[in-house]
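Q: Next come a sequence and a model predicted from it.
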Amino acid sequence: MTVLITGICGMVGSHMCDYFYETNVHVVGTYYKPTTNIKEIKNKADLHECDVRYYLQLYNIISKYKPNRIFHLAAQSYPTVSWERPQETIETNVNGTINVFEAVKQVKKYDSNYDPVIVVACSSAEYGNSLTPENVPIKEEAALMPLHPYGVSKVAQDLLAYQYYQSDGLKSIRARIFNTTGPRKTNDASSDFCQRAVEIERGLTTNFRVGNIETKRAITDVRDLVKALVLLSKKGKHGEVYNISGAKVYQIREVLQIIKDIIDIDFQLEVDSRLLRPTDEPIIFGDSTKLIKETGWKQEYTLKQTLTDMITYWRDNNDY
Ligand SMILES: Nc1nc2c(ncn2[C@@H]2O[C@H](COP(=O)(O)OP(=O)(O)O[C@H]3O[C@H](CO)[C@@H](O)[C@H](O)[C@@H]3O)[C@@H](O)[C@H]2O)c(=O)[nH]1
């Protein structure tokens, strides 16, 4: 069996690569702007530089390897960046998704046996304004009311995957991924906090900068997320949509407290206005009942374990 992971050098892609490598599956991956260690991934997968905005680059890879399963993870994946670069976000995420499906359709034209499962990384950001305290844990049927260009791009990816199943019978599965973190993640609250805690541990500062710590998030470990995506590719119903959310919701302030318990540092809390956002979902928490019922997914990592591993990662990777 061959799997294709687009965006293999991102945080989720790199962990998925590890998972398949350990189970002896042939992995092909595309990368564009790696955020993880490309040298390590090179030893485990056939790597191709590819900008998913260009159809031919994807077509050449899919027609060469004919992967049995495709995990389309490549994206501009930061909501804050999407306010600064909305065009790039929409082009990468929306056209990138169209290009994956069009390339598969084209390969199927000369090889009618080719029929891969295509798991598309969608997002909790699609729910946006629907995420009210009364509506959580939110179900897949809720209205999609995104609050940033990133969320809009994910709604489009989601509906494209639905449409290619309906119109062309392509075996798409839509995974609405909620907050996910772990070693190699950069720029989310958990990762920023672990990185800053290590800076304080090293005596570089005594101030702990934070943004809004009143919001709430259900947080999943990336290694649990990878298992959910793999289970969906095997057991998910084609054309369907599934939430992948942590079962427990944490106030961001609690994340800070857990880190403090792990690393035992003293600091002054400093609210940095540059870290506050124009809009910020007060709570993001999903109902994963459908995923659990249909695939048997179980979360194995506690948040404390995840944060402990992230602190180790930042201790090993901060270049001071
Ligand atoms: N990143 C960050 N967030 C902070 C900080 N301080 C407070 N926060 C607050 O912590 C909450 C969680 O922020 P993130 O962890 O960045 O998650 P997110 O905005 O909910 O976005 C997540 O999901 C996206 C997909 O929907 C991902 O694309 C993104 O990387 C992240 O995982 C938000 O309310 C944010 O304002 C900080 O220093 N850094």
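A: Perfect, I can see it now.

Q: Spell out which residues of the stretch 151-300 of the chain are next to the ligand.
A: Contact residues (C-beta under 6 Å from any ligand atom) of the stretch 151-300 of the chain with the ligand: 179, 187-189, 192, 210-213, 215, 217, 252, 275, 277, 280, 284. Where you see a C-beta, it was placed from the backbone N, CA and C, and this is true even at glycine.

Q: Which entries within those meet the buried criterion?
A: N179, D188, A189, D192, V210, G211, I213, T215, R217, I252, I284 (16 or more other C-beta atoms under 10 Å).

Q: Surely the second one is in contact with C194?
A: No - contact between D188 and C194 fails when scored by C-beta atoms under 8 Å: they sit 10.0 Å apart.

Q: now the strands for this protein?
A: Remark: strands assigned in the chain by DSSP state E are 2-6, 26-31, 46-49, 69-72, 117-123, 171-177, 180-181, 207-210, 216-218, 220-221, 241-244, 249-251, 268-271, 283-284.

Q: For T35, give me its contacts.
A: By C-beta atoms under 8 Å, 6 or more residues apart in numbering, T35 lies in contact with C9, G10, M11, R184, T186.

Q: Can you pull the phi/psi pair for it?
A: phi -110, psi 0 (degrees, to the nearest 10).

Q: any idea how far it lies from the ligand?
A: Per C-beta to the nearest ligand atom, to the nearest Å, T35 is found 11 Å from the ligand.

Q: before we move on, the earlier item: by pLDDT, give me the weakest of the buried ones among the residues of the stretch 151-300 of the chain next to the ligand.
A: Among these, D188 carries the weakest pLDDT, at 93.

Q: Can you tell me, leaving aside adjacent residues, what's nearest to that one?
A: T181 (5.5 Å; C-beta to C-beta, 6 or more residues apart in numbering).

Q: can I assume the one you found is in contact with Y301?
A: No - if you go by C-beta under 8 Å, T181 and Y301 don't touch, sitting 10.1 Å apart.

Q: Between these two, which contacts overlap?
A: With contacts defined as C-beta under 8 Å, 6+ apart, the residues shared by T181 and Y301 are D221.

Q: Cool, thanks, talk later.
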